Each structure stands twice: as structure tokens, then as C-alpha cells.
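Asks: Attaching a predicted model along with its sequence, questions to come.
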Amino acid sequence: MALLTPRGVKEVFQSQRLPQGRERLRRLLNWEEFDEQRDSRRSILLDTLYDSIIFAVGKGFPWVQVAQVVKFTEELLRETKGCSITEAVTILGNKLRDYQDHFNTTHLLALCDYFHHTFIRHYKLYQYVLGQDQQVSLTVAHLEVCMPPQPLPLAEGMDRDLWTHRQQVVALTEAEAQKRADVLLLKETLLLELESSLQKVFTAAAPAQPGRVLERQELESLVRQVIHIQMELLQELLQCKIQNTFAILDLKLQKKTLNLNAPTPNPPPITSHAGQEEALKPHRVNKEKKVKARK
């Protein structure tokens, strides 16, 4: 591990937010970027080193000694890898003696108490996570969160029954317009079909030899075919128009019925003095009439 400088640990601590402080510590340690979710071992090790900085600063360690605490933590985790808890306690005691020249008695006791209540108390958990390779089975699902639409101002709101009525009227109006569009589309389609059918008839009736005049019977047959084609297409168009006309009339009747049974909108609230005067006029007139009748 790269030896941290007092200035470096001070910058880590002064990063008020946890992600920024951990990221700053990672860079000072010369660690490459890693996936926090997939590389849980390195993530927990970084958390442990970061927590040691927070502990040391909270206990009033000088910045020089804070850097030594981080070094102490990294060495302890590395040297106790694969050891029993008894061996880990022995290693912790030996390292505390080795660091007597770096810390005073108060800070040394605080450091001993910190590792007894964190590292030693949860020693098996540390060994399980940091002492052996983990098989991580991670499933990542990307979910799209759709934000609700921005609500309209309350002044533009209306009664629910009135809104439902207007939606029904709009739907009937759109259905009526669609029926009219269907008739126009069918008319254009039948005209194209008529043109194509007549073209086939004329082509079939054309004389094989150029310049030959059609016989009377051939001409009469051609006329009958043309009239028959026109009558069939005209009959289909007329039938469609009749059906759509009845459908449009039915839609108009439904819309008329809806308008007759339209819900009455709630009266707007009277907020101005002029509005109050207008609302009180009928009451005053009725009162004056009653007074005159008594006289």
C-alpha cells in the first residue's frame, strides 16, 4: 500500500460526503477503478481503511498519526489473513508494541479498543469476506421509471361527470368524421377499380388486326360489359353510402341525446363584490314584491 501523507488523509476527511471521501482515498492509494458490486472484497477493504481515518480524526489523532493508523489497519488485515482468532489477537498485541513510538499512551489505548470492538469482535466475518475468494452471482435489471405527467392548474379543472360527457361527445364526433372519410376513400378506390376493369375490357375487345372495325355484335357486347361493370360498382358505392348515412345519423342521434342529458356545471364561486350584488338581485326583487303585496 502506498504510504499516505498527512495532507492526503486530511483531504480525505475534509470530503464531507462519503462517496467523494472514499474515491479520494482510492486515488491516494493508487488503486485502479473497480466495480463496487462485483468486487465486494476491495470495496469492504476500502471502507475499513476509510473508517479508520474517521476514527482517528474523531479521537484527536494528529494528521501524521492518522496516516499511521491507516498503515496500521492495512498491515493488520494483511498479516491476520487465514489466522485463527487467537493468533489474530497476538498479532494485534505485537503490532501495538511495534507502534509505541508512533502514538502516545492515550492514542495507543484508543487504537487497541477500536480494533477489539470492530475487527476482533467480527473477526470471522472479516476472514470470510477478505480471506477467501467469493463467487458473486449478480443480476442487473435496468428499469425505466416513468414520471407522472405534470398536472394542469386547478383553475382549468372541471367536474368529473362534465369531463366524461365531453369525452363521449368528442368520441362520437371523431367516429362521425371517420365514417365520412371511409365513404370518400371507398369512392376513390371504386373509381380506380372501374378504370382498371374498363381498361381490361377494352384491351380484350380490341381487334387482333390493326385497322379492323368491330362488328355490331362485338360492339353491343362491349357496351353491355361496360354498363354491367359500372352498375356493379355504382351499386356497391350506393350501398356503402346508405350504410354509412344510417351510421352517421345514429351517431348524431347519440350526440344529441348526450347534449340533452348533459350534466349541469357547478356555478363558479362568487369572489367579487359585483358578483355578490348580481347574485342578490333576484332575492331583493322577490322581497320587494312581497312587501308591495302586503300593502
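Replies: Looks like it came in fine.

Asks: Low-confidence ranges, the chain, go.
Replies: 1-3, 16-18, 132-136, 138, 205-215, 265-295 (pLDDT under 70).

Asks: Tell me which stretches of it form strands.
Replies: Ranges of strands in the chain, per DSSP state E: none exist.

Asks: can you give me the end-to-end distance of stretch 149-169?
Replies: 24 Å (Cα to Cα, to the nearest Å).

Asks: which parts of that stretch are buried?
Replies: Neighbour counts over stretch 149-169 (16 or more other Cβ atoms under 10 Å) mark residue 165 as buried. Every C-beta, even on glycine, is put in place using the N, C-alpha and C of the backbone.

Asks: what does stretch 31-44 give?
Replies: For stretch 31-44, by 16+ other Cβ under 10 Å, it's 42, 43, 44.

Asks: Please apply the same query to stretch 225-234.
Replies: 225, 226, 229, 233.

Asks: What is the nearest of the residues you listed to residue 57?
Replies: residue 233 (93.1 Å; Cβ to Cβ).

Asks: isn't the closest one right next to residue 194, touching?
Replies: Yes - using Cβ atoms under 8 Å, residue 233 makes contact with residue 194 at a distance of 5.1 Å.

Asks: The residue nearest to residue 13 when sequence neighbours are not counted: how many residues sit nearby?
Replies: In this structure, residue 13 finds its nearest non-sequential neighbour in residue 57, 5.1 Å apart by Cβ to Cβ, 6 or more residues apart in numbering. The local packing of residue 57 (other Cβ atoms under 10 Å) involves 18 other residues.

Asks: Residue 57 contacts residue 66, correct?
Replies: Yes - shown here, residue 57 and residue 66 form a contact pair, counting by Cβ under 8 Å, at 5.9 Å.

Asks: For the two, list the residues in contact with both.
Replies: 9, 13 (Cβ atoms under 8 Å, 6 or more residues apart in numbering).

Asks: Compile the buried residues of stretch 31-44 into CSV and extend it with columns for distance to residue 74.
Replies: Shown next, in CSV, are these (distance: Cβ to Cβ, whole Å):
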residue, distance to residue 74
42, 12
43, 15
44, 13
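
Asks: Just the ones of those in helices?
Replies: Counting by DSSP state H, the part of the buried residues of stretch 31-44 found in helices is 42, 43, 44.

Asks: ok, of those, which one's closest to residue 190?
Replies: residue 43 (73.3 Å).

Asks: who touches the closest one in this structure?
Replies: 34, 36.

Asks: rerun that using 10 Å as the cut-off
Replies: For residue 43, the contact set (Cβ atoms under 10 Å, 6 or more residues apart in numbering) comprises 22, 34, 35, 36, 37, 129.

Asks: Same check on residue 94?
Replies: residue 79 are the contacts of residue 94 under Cβ under 10 Å, 6+ apart.

Asks: how much space between it and residue 140?
Replies: For residue 94, the distance to residue 140 (Cβ to Cβ, to the nearest Å) stands at 44 Å.

Asks: Ok, residue 260 next?
Replies: Taken as Cβ to Cβ, the span from residue 260 to residue 140 is 59 Å.

Asks: All the helices of the chain, in order from the start?
Replies: Counting by DSSP H, the helices of the chain are 6-14, 18-28, 40-58, 63-79, 85-98, 105-115, 123-130, 160-205, 216-260, 273-294.

Asks: possible to save these as JSON lines with distance to residue 148?
Replies: Shown next, in JSON lines, are these (distance: least, Cβ to Cβ, whole Å):
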{"stretch": "helix 6-14", "distance to residue 148": "40"}
{"stretch": "helix 18-28", "distance to residue 148": "29"}
{"stretch": "helix 40-58", "distance to residue 148": "35"}
{"stretch": "helix 63-79", "distance to residue 148": "47"}
{"stretch": "helix 85-98", "distance to residue 148": "54"}
{"stretch": "helix 105-115", "distance to residue 148": "48"}
{"stretch": "helix 123-130", "distance to residue 148": "41"}
{"stretch": "helix 160-205", "distance to residue 148": "18"}
{"stretch": "helix 216-260", "distance to residue 148": "30"}
{"stretch": "helix 273-294", "distance to residue 148": "35"}
